[in-house]
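S.K.: Okay, here's the prediction I keep looking at, along with the sequence it came from:
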Amino acid sequence: MLRFFARVWAKLKYRFDLESEAAVTEINASLAENLAKERRQTVAKLRAEADTIEKRIEDYCAKGEVFPLPRT
């Protein structure tokens, strides 16, 4: 009788461990997905800022303005 309960307990514990591991994996996957979305938004924002800066530099160069380089 004790062996029967031990087997049932072992099976239930095994399934519980698998289910809890699956839940943790799903949580980690959703977290990674959210972080990736945030990073994509940040990259898009930084690229837009870089494009703006490059355009301003091209405009200044087209006007013929010269900027002295700092000497070290």
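M.R.: Okay, I see it. Residues are numbered from 1 along each chain as shown.
S.K.: Mind giving me the packing neighbours of the helix or strand containing residue 59?
M.R.: Using DSSP states H and E, residue 59 sits in helix 2-63. For helix 2-63, there is no helix or strand it packs on, judged by 3 or more Cβ pairs under 8 Å, 6 or more residues apart in numbering; DSSP states H and E. The way it works is simple: take the backbone N, C-alpha and C, and place the C-beta from them, glycine included.
S.K.: quick one: that helix to chain centroid distance?
M.R.: Helix 2-63 has its C-alpha centroid displaced from the chain centroid by 5 Å (Cα atoms, centre = their mean, to the nearest Å).
S.K.: Pull up the gap between the residue lying farthest from the centre of the chain and residue 35, please.
M.R.: Centroid-distance maximum for the chain: residue 1 at 51.8 Å, with Cα atoms, centre = their mean. Noted for residue 1: a distance of 51 Å to residue 35, by Cβ to Cβ, to the nearest Å.
S.K.: And residue 25, by the same measure?
M.R.: Per Cβ to Cβ, residue 25 is found 16 Å from residue 35.
S.K.: cool, residue 21 as well?
M.R.: With the distance defined as Cβ to Cβ, residue 21 ends up 21 Å from residue 35.
S.K.: Check residue 16 too.
M.R.: On the measure of Cβ to Cβ, residue 16 and residue 35 end up 29 Å apart.
S.K.: And residue 56, by the same measure?
M.R.: 32 Å.
S.K.: same deal with residue 23?
M.R.: As judged by Cβ to Cβ, residue 23 and residue 35 stand 19 Å apart.
S.K.: again with residue 28
M.R.: In this view, residue 28 and residue 35 are 11 Å apart by Cβ to Cβ.
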